[in-house]
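> Build me a model from this:
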Amino acid sequence: MKEIVEIIAKSLVSNPAEVQVEEERTGTTVVLKLHVAPEDMGKVIGKQGRIAKAIRIVMKAAATRENVKVIIDIG
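As a prediction, this is how the structure comes out:
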């Protein structure tokens, strides 16, 4: 799960070395915290949050295969 978010984020930003993803598992819930460089924040969120929403949709689809709930925190 963590690797998927990392690959997507690195393909979007100008500074792929600054991309960090932290994973916290609590029972059937997985919280993924995505950290990018401040200048790349807009690229990850997108206009009106469309890219962030798309990332969440892709992760939700991947999570259903593993029977877990995924929460993406971009910050």
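
> Which pLDDT value does the model give the residue of the chain most remote from its centre?
For the chain, the largest distance from the centre (Cα atoms, centre = their mean) belongs to G27, which lies 19.5 Å off. On pLDDT, G27 comes in at 92.

> what's it sitting at in phi/psi?
G27 adopts backbone torsions of phi 60, psi -120, taken as degrees, to the nearest 10.

> And stretch 7-26, end to end?
Counting by Cα to Cα, to the nearest Å, you get 23 Å between the two ends of stretch 7-26.

> same check, this time on stretch 45-55
End-to-end distance for stretch 45-55: 9 Å, by Cα to Cα.

> For stretch 5-16, what is the distance to the chain centroid?
Chain-centre distance of stretch 5-16: 10 Å, with Cα atoms, centre = their mean, to the nearest Å.

> Please identify the buried residues of that stretch?
5-6, 8-9, 12-13 (16 or more other Cβ atoms under 10 Å). Just so you know, the C-beta spots here come from the backbone N, C-alpha and C atoms, and that holds for glycine as well.

> List the residues that contact the residue farthest from the centre of the chain.
Contacts for G27 were tallied using Cβ atoms under 8 Å, 6 or more residues apart in numbering; there are none.
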